[in-house]
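In: generate a structure from the sequence data that follows.
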Amino acid sequence: MRHINIPVFIPHLGCPHTCVFCNQRKISGVCCVDLDAVRAQIESTLDGIRGREDEYECEIAFFGGSFTGIPRDELTALLELARPYVDDGRVASLRCSTRPDYIDKEIIDLLLRYRMTTVELGVQSTSAEVLRRCERGHTAEQSLAALRMIRESGMHAVGQMMTGLPGSTRESDLRTGCDIIGAGADGARIYPTMTFAGTALEGMLRRGEYMPPSTAETVERVADLCELFDKAGVPVIRIGLCYGEGLTGEDGIVAGDYECAVGEMAQSEVFLRRLRALLADEKVTGTAGAEEPDAVSNDISADDTGSAHSPGSTGIRTLTVCCPRGRTSQVIGHRRANAETLRREYGIGRLRVREDDSLCGYELRRC
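Out: Numbering: from 1, shown residues only. As a prediction, this is how the structure comes out:
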């Protein structure tokens, strides 16, 4: 069954704070919410799958701002609009995003009354120094308490975090991931920091008070987190912002790692680490054995000129590995980077990848 998200953006309507990195109008492309437009959007999506409802699971998602912080009458109106779709079965679930300091028992009870299923919490960081420099207006303790409260209510909790914020380090980003896991989150989103025009962060950048991490550093940090969440069994449901016209141009991103493939690059980095571990742990030569019947074979060849004499040569001309289904491109690497690294560092001229349904996550093995 395929999942369809019906996004309803609530840009900054529920948040009196302006964090140094925030420009919700640019991120969402929306500055106000029209109930009739929301209803029309939902109906249009549902009309598009009419007659094929059994093939899809739909979810209405209130994103883009602090949903539970908007005026109570507006919040209730949006929930009243959405609930009938859940009641009649046309929509399977409701999801919203909000700030940690806009979660309490009263809010939890209201969300449950309208059959909210998942709450995504903008944790961003659990470093006190990072939160202070970003002017978040809440503490790490509030973030973790809110995550636990959501989980204890029976709703799913997703922790949203950012890498590369002012004052952050690779270690503090990793600690934030550990804290989100420790609070019992059911999922995570990872957003590398980007500097938008007109934000306080742009001013910090211009004054030399903030230096965004390089692309390579961002990929390393996100890869660390992907490994961390995978080991804990916490799915990462999104890496980086979705591409949109409002993110580019003179009023959009002025600095930071807006590489639309950053998620692919980070996950490729995880698989490169796995490939290196395989080569370090196993003393083997030549090609792997016969193809397994349940695997899909994909031959990906790098230039093998002089491969047997490259620095660190293993004597392996062809390396054959098995990976989870759908992960072949990440094993090969973004723009074939992993295949090229194996050629350059290990003298391996060909990387063969087979997909195996018995594997999951970032599992990789010789085959």
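In: can we go C-alpha only for contacts and neighbour counts from here?
Out: Will do.
In: kindly confirm my reading that residue 121 is in a strand.
Out: Yes. Counting by DSSP: H, G, I helix; E, B strand; the rest coil, residue 121 is located in a strand.
In: and it, how far is that from residue 190?
Out: Look at residue 121 and residue 190: by Cα to Cα, to the nearest Å, they are 12 Å apart.
In: the more surrounded of the two?
Out: More neighbours surround residue 121 than the other of residue 121 and residue 190, with 28 against 22 (other Cα atoms under 10 Å).
In: that one touches residue 101, doesn't it?
Out: No. Taking contacts as Cα atoms under 8 Å, residue 121 lies outside contact range of residue 101: 9.7 Å.
In: any shared contact partners between the two?
Out: Shared contacts of residue 121 and residue 101 (Cα atoms under 8 Å, 6 or more residues apart in numbering): 143, 146.
In: ok, back up a step: quickly list what's touching both of residue 121 and residue 190.
Out: Taking Cα under 8 Å, 6+ apart as the contact rule, the neighbours common to residue 121 and residue 190 are residue 160.
In: A strand includes residue 340, no?
Out: No. Under three-state DSSP, residue 340 sits outside any strand and is assigned helix.
In: could we number from 36 for the rest of this?
Out: Got it, first residue is 36 now, which makes that one residue 375.
In: that one: neighbour count?
Out: 22.
In: would you mind measuring from it to residue 384?
Out: Using Cα to Cα, residue 375 is found at 9 Å from residue 384.
In: domains for this structure, by residue range?
Out: 37-295, 318-401 (automatic domain parsing).
In: need these in a markdown table (columns: mean pLDDT and distance to residue 309).
Out: Converted to a markdown table, these look like this (pLDDT from 0 to 100; distance: least, Cα to Cα, whole Å):
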| stretch | mean pLDDT | distance to residue 309 |
| --- | --- | --- |
| domain 37-295 | 90 | 10 |
| domain 318-401 | 76 | 7 |
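In: could you point out which of those sits nearest residue 303?
Out: The minimum distance between residue 303 and these falls on domain 318-401, with 4.4 Å, by Cα to Cα.
In: show residues contacting stretch 78-95.
Out: The contact list for stretch 78-95 (Cα under 8 Å, 6+ apart) reads 36-43, 77, 117, 125-130.
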